[in-house]
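In: how does the following fold in three dimensions:
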Amino acid sequence: MIQIKANGKLYSGYEKLTIYKSMSSIGDTFTLDMFNGDEININGGNLIQILKDNILFFTGYVDSYNLGISNTKKPLSLAGRSRTSDLIDCMIETNQQYNNQTPTQIINDLTKPFNITVSTTLTLEAIVLFSTKVGETYFSAINRLCKQYNILPVSDEKGNLKLIKNSNKKVSKILKDTDILDIQYSQDFTNRFKNYIYKKESSTKEITPSNVEDTEIKRFRPFVAVNNEEKTNEDLSNWKKNNDKANSIQLSVQVDNWDYSINEIVDIKSEIVSNSFLAKSINYISDNNGTVSNITFVDKGLYDV
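Out: Prediction:
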């Protein structure tokens, strides 16, 4: 059972609820259409919680509120994003400098005014120096820091942050044809290259460029770029290669439940394809027809370095 909680009250009568979660953004989203909206104590700016079988599933703020009147009902339409979306929208007011602190310590300090915390199961060493910039968004600073560690920030069910990396992730579930309502598998090699070359130039000399090969591409296809990141040439080349490879394979699966999560590696055993894939994004839908999940799987090497 799916329920909505706001201002201390639980609601279960609605026409349609959708929640979109993705590893590509900390700003997970929701939309909600309800009957008899004038009887619902939810307004713009309110904190909303969505529960699945009495377990917290999503926490966010109502960004937009639309109450209408028709001949048969007073429909209320709501839309919003995870609590972490404030980190995307808001800018840092003053320069801050951190010395010999871990990413968890730095991010927890940055997000403290928002009452947002960060957690991770990873062991991350302290960085010698990290500085924020006036006018950059909180997310920009957090993402810039995470890139130096090849880690990824995502939003959790409470609207807090988690720092993740997929290097050691194992298969969590198995999906068979009998579990799948619809499946679509595609490959697109347009954005894959034979060699990935990054060059970082200093004021005195050119640092040795990287050259990472995608052995699955047999013809001459070089990718060359200047490294403006706070990462090594080789790290960037590996990231770009893995990202291009992972996104060249896309698997869309629809199942009749909400039992899957982003950042899970799932074994797909189907007539179309049989392999392990990473759940990159999920669109959860609940309406009068029941609950379904539209899951986008990609190669499990995405976000690995």
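
In: from Ser186, how far out is the residue lying farthest from the centre of the chain?
Out: The centre of the chain is farthest from one residue, Asn71, which by C-alpha atoms, centre = their mean lies 40.4 Å away. Distance, Asn71 to Ser186, by C-beta to C-beta, to the nearest Å: 44 Å. All C-beta atoms are positioned from the backbone trio N, CA, C, and that covers glycine.

In: one more: Val154?
Out: Val154 is 25 Å from Ser186, where distance means C-beta to C-beta.

In: the more surrounded of these two?
Out: Using other C-beta atoms under 10 Å as the criterion, Val154 and Ser186 rank with Val154 on top: 19 against 9.

In: need the residues that contact the longest helix seen in the chain.
Out: When the chain is parsed with DSSP state H, its longest helix is helix 233-247. Contact with helix 233-247 is made by 150, 191-193, 196-200, 207-212, 214, 216, 223, 225, 227, 229, 231, 278, 298-305, as judged by C-beta atoms under 8 Å, 6 or more residues apart in numbering.

In: can you pull the contacts of Phe297?
Out: Phe297 touches Gln250, Leu251, Ser252, Val253, Val266, Ile268, Phe277, Leu278, Ala279, Lys280, counting by C-beta under 8 Å, 6+ apart.

In: quick one: Asp256 and Thr291 touch, right?
Out: Yes - using C-beta atoms under 8 Å, Asp256 is in contact with Thr291, at 6.9 Å.

In: SS state for Thr94?
Out: The three-state label given to Thr94 by DSSP: H, G, I helix; E, B strand; the rest coil is coil.

In: list phi and psi for it.
Out: phi -130, psi 150 (degrees, to the nearest 10).

In: all helices for this structure, in order.
Out: Using DSSP H, helices in the chain cover 85-89, 103-111, 138-149, 233-247.

In: closest to Ile40 out of these?
Out: Comparing the helices of the chain against Ile40 with C-beta to C-beta, the closest turns out to be helix 85-89 (22.3 Å).

In: contacts for that closest one next, please.
Out: 25-27, 60-61, 111, 114, 116, 137-139, 142, 161.

In: mind jotting down where the strands sit in the stretch 151-300 of the chain?
Out: 152-155, 161-164, 171-176, 182-187, 195-199, 212-213, 222-226, 249-255, 265-269, 274-287, 290-299 (DSSP state E, counting those that start in this stretch).

In: got CSV for those strands, with mean pLDDT too?
Out: What follows is these, written out as CSV (pLDDT from 0 to 100):
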stretch, mean pLDDT
strand 152-155, 92
strand 161-164, 92
strand 171-176, 88
strand 182-187, 93
strand 195-199, 95
strand 212-213, 95
strand 222-226, 95
strand 249-255, 93
strand 265-269, 93
strand 274-287, 93
strand 290-299, 93
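
In: tell me where the model's unsure across this structure.
Out: 37-38, 72, 166-168, 202-206, 303-305 (pLDDT under 70).

In: bridging across strands, which residues link to the nearest residue in space to Phe297 that is not next to it in sequence?
Out: Excluding the flanking residues, the one nearest Phe297 by C-beta to C-beta, 6 or more residues apart in numbering is Phe277, at 3.6 Å. With DSSP bridges applied, Phe277 shows beta-bridge pairing to Val266, Asp299.

In: contacts only, for Phe277.
Out: Ile249, Leu251, Ile265, Val266, Ile268, Phe297, Val298, Asp299, Lys300.

In: just Ser261 next, same as before
Out: Ser261 makes contact with Lys21, Ala279, Ile282, according to C-beta under 8 Å, 6+ apart.

In: circling back to that earlier point, the helices of the chain: which one's closest to Phe35?
Out: Closest approach to Phe35 among the helices of the chain (C-beta to C-beta): helix 85-89, 27.1 Å.
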